[in-house]
Structure formats: structure tokens, C-alpha cells
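S.K.: Turn this into a structure:
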Amino acid sequence: MPKTQPTLRDDDPARDVANDNSSAIANDRHGRLGAANDNRPLAANDNLRSTTEIVDLGVVGMGPGGLSLLQAAAAAGLPHVGYDQAECAQTIMGFARGKPLTGAPVDQFLRGGFPFCNGMTTREWVLEQVSEIVASNTLNIKSNTRVKKVVRRSDHIFEIHPEPSGFIRCKNVAIAIGPGAPRKLNVPGEDHPIVRYSLSDPAEFKDQCVAVWGGGNAGVENALQLQQHGAKVHIFTRGPGFDKANPANAAQIWDAINRGLIWHFRDAKISRIDPSGIAFTCPEGDGYLPRVDCLFAQLGFHEPREFLKDCGLPEQPTLSGIGEVLEMPGMFLVGAISGRPLIWQVIEQGYEVVESILGNPAQPAHIHRLASKMSAAGLPPEISDLAETFQEL
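M.R.: Model (predicted):
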């Protein structure tokens, strides 16, 4: 995982540790429309016509994080372009129908342009917001276009290289591609058709025998949805419980287990998968679950290391508080690959990144949230003082 450090001020010499070459681009990297040489800056939603034009922000990945980045850039008048190898929000499209998603804390005000509700929301609601944003045609989005690599030139300009050929030049690049490939079980039989790594429609498994491997949020949510739609659910965890799930999910799964609605195999290890059954071990000994219609393996995801390597990033990049790669100023990692896995977090991060590009470093949202709570308690601190305190901690 990337290492993180506190956000650095613009006048801190550590910002440019990776490159001390002088150039107009380096000196004007935070300018709103500072195109290099005599290149004409693009309008915020203009089409890109040649590789000689330079945009202020290029984004790879058009999920909520990438869309939040482009919306903030467009609102500020920054020339921009966004790429996705599929349709926008493809990862969310792959979520189960009706899947609950964690919204922002109810007392958290989101500053990004992407609309997102507080509390809990659903897959369908988020996709509806994405459709409205794309239909507005105010953002320069290139969907169904795979990016091969990102190259940082000696003059501090980045080149985004999409397939099949050509490149676009950018002053700043944000990688918002989300998780990589799902982690495999690495046991005999894992290639059988009964093994799946995502759930699209829980109603499809009514009255079927289903196993779920994984005690994190994804595994717990899948197990609960499957049970609610009439499946006979067995959940396997490597540990005794559900420590990796958030408290609300953990409470719900324990309630279902205690009520006999879901069967739980704790401290378990799957040893073999047959076409219609699962062999496993647990503290009580060896076991076998027969007549399994489907096994959902929810073991998390590998980081997209190969693509990040193709973008010139070090194996363990050091990130600022908003996700800027300190070894490559102007390159930002957004979302899960920067340690912000929740949708509301990447929306907020998109706002923070664009504000940094504009030369207006934004304090993290939790600083404002804490200041609001302290003010309500009659202890009104200055935001800057509070931020400095956190910086020191």
C-alpha cells in the first residue's frame, strides 16, 4: 500500500523532491489555465483536437471519484479530459441489484460536485446520478477507451497514452481506477463454474444453497442480500468473526446467524471445490458442504500494480494527505489505491485535488466536521489551528 504523509504547503521544498528542473510548466503547475508555450488552452468541455494541446487535468477512471474530479475541474473552468476502459461507473454497475452503499456520515457536508446523500444509499441511486452527469454533456469524457500508460516528461508535463495510438498532454494526472483483479482462493477446483467473484442479482439464487467466503463488508453484504432473497446461505471466515466489516454490517450478520437464518463456519479454510460441493477444515475437524449451487469468493482485490508501474510510479509511492505522489508532483492517486475506499471519500478527495491544482489547498473534510462539533459545544477553534494540531500529531 502507498505510504502517506501530511499535505505539504506550496512553499515547502519537499514538494519538488523528485524534480528540481526549472520550467514554465513547473512554476505554473497550479495555474488555472497555464498552457505551455503558445498552446491555446481548451475550454472546460472542449473536444481535444491534437496532441499539441495541453489540458490542466487528465483523469484515468470514470467512477464517482473520477467524475467528481472532472466536475470540480469544469466548475473551475479547467480544461480536462477523462478516460475509462468501459462505461462510467462500471464497477458500481457490477454491484448486486439493490446493494446498500455507505453514504457520508449524516453530519458531514460533501464539498465535491458529485451528488451523494448522507447515511445509506443504493447502487441504483448512484447509477442514476452518474447517468444524469454523463447526459448533461458538460464533461469531456472518453468512455470505452483503455489507457495504456502515463508518461511524465522532463518538462513536468504528463502524456496519457490511450489505445490504439496517440497521446494527450496534461499538467496534472489523477489515477482513479479503483481496485484491481479479485483475489483468488488458490485451492483445487477454484475454476469450477460454481465459483464467482461478484454478485449481480441476489433474487437469482432463491431456494438455492449458496456459500460465501469472506468476512469483510463485501462478503457480509452479499450473504445478507442472498438470505433476504430466499437463498440458503453459509458464510465462511478465516477468523472467529467479522472484524473487517463495519459495525453496522457486523451487527446485522451476527443477528442473522444468531437467529438461524445464516450458517457460519468460523476459523475455516477451504481445501477443495468440487462441481457441487466444498471441502473445508475448521476447529471441529474436516467438513464437506454438499449440493452447493454457488460459491461467492469475497477476498478483496489485488492492487493494479502493473498499470501503476506503466505510469512510472515507484513500487511504494509516498502520498500527501490528498493523494499526490511526492516522487512525481502533479500525479494523484484517488480512491481505494490511496486508502479511500468509500464513495463519499473519493468524492471529497476529487474536490481536494482540484483545489490543490488551483493553488487553494483544502483542509480535509474531517477537520471541518470536528470544528463544527467543537463549535456546537462552545469551543470554536480556528480551522487553521485545528489543522496544524492534526499535522503535528
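
S.K.: From residue 54, how far out is residue 155?
M.R.: 11 Å (CB to CB, to the nearest Å). (Glycine included, C-beta is placed from N, CA and C.)

S.K.: Residue 346 too?
M.R.: 26 Å.

S.K.: Which one's more surrounded, these two?
M.R.: Neighbours per residue, other CB atoms under 10 Å: of residue 346 and residue 54, the larger number sits with residue 346, 28 against 23.

S.K.: for stretch 74-87, which positions count as buried?
M.R.: Within stretch 74-87, the residues that qualify as buried are 74, 76, 78, 79, 80, 81, 82, 83, 84, 85, counting by 16 or more other CB atoms under 10 Å.

S.K.: contacting residues around the last one?
M.R.: Yep, that's residue 85 we're talking about. Shown in contact with residue 85 (CB atoms under 8 Å, 6 or more residues apart in numbering): 144, 145, 146, 147.

S.K.: For PyMOL, what selects the buried ones among those?
M.R.: Per 16+ other CB under 10 Å, the buried members of the contacts of residue 85 correspond to this PyMOL selection:
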select buried, resi 145+147
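
S.K.: Nearest to residue 201 among the contacts of residue 85?
M.R.: Among the contacts of residue 85, residue 144 lies closest to residue 201 (CB to CB), at 24.0 Å.

S.K.: mind checking pLDDT for that closest one?
M.R.: On pLDDT, residue 144 comes in at 89.

S.K.: any idea how far it is from residue 227?
M.R.: To residue 227, residue 144 is 36 Å away according to CB to CB.

S.K.: Equivalent analysis for residue 141, please.
M.R.: Separation of residue 141 from residue 227 (CB to CB): 38 Å.

S.K.: how much space between the residue sitting nearest the centre point of the chain and residue 353?
M.R.: Nearest to the centroid of the C-alpha atoms of the chain, with distances taken as CA atoms, centre = their mean, sits residue 335, at 3.2 Å. Using CB to CB, residue 335 is found at 11 Å from residue 353.

S.K.: Please apply the same query to residue 326.
M.R.: 14 Å.

S.K.: More neighbours: which of those two?
M.R.: Comparing residue 326 with residue 353 by other CB under 10 Å, the one with more neighbours is residue 353, at 28 against 19.

S.K.: does that one sit in a helix, a strand or a coil?
M.R.: At residue 353 the chain is in helix, as set by DSSP: H, G, I helix; E, B strand; the rest coil.

S.K.: Pull the number of nearby residues for the closest residue in space to it that isn't next to it in sequence.
M.R.: In space, and not counting its chain neighbours, residue 353 is closest to residue 332: 5.1 Å by CB to CB, 6 or more residues apart in numbering. Using other CB under 10 Å, residue 332 is surrounded by 28 other residues.

S.K.: In which helix or strand does residue 332 reside?
M.R.: Assessed by DSSP states H and E, residue 332 sits inside strand 331-333.

S.K.: Contact partners for residue 199?
M.R.: Listed by CB under 8 Å, 6+ apart, the contact partners of residue 199 are 95, 96, 222, 225, 226, 296.

S.K.: Please parse the protein into its domains.
M.R.: Split into domains by automatic domain parsing, the chain comes to 3-180+302-362, 195-297.
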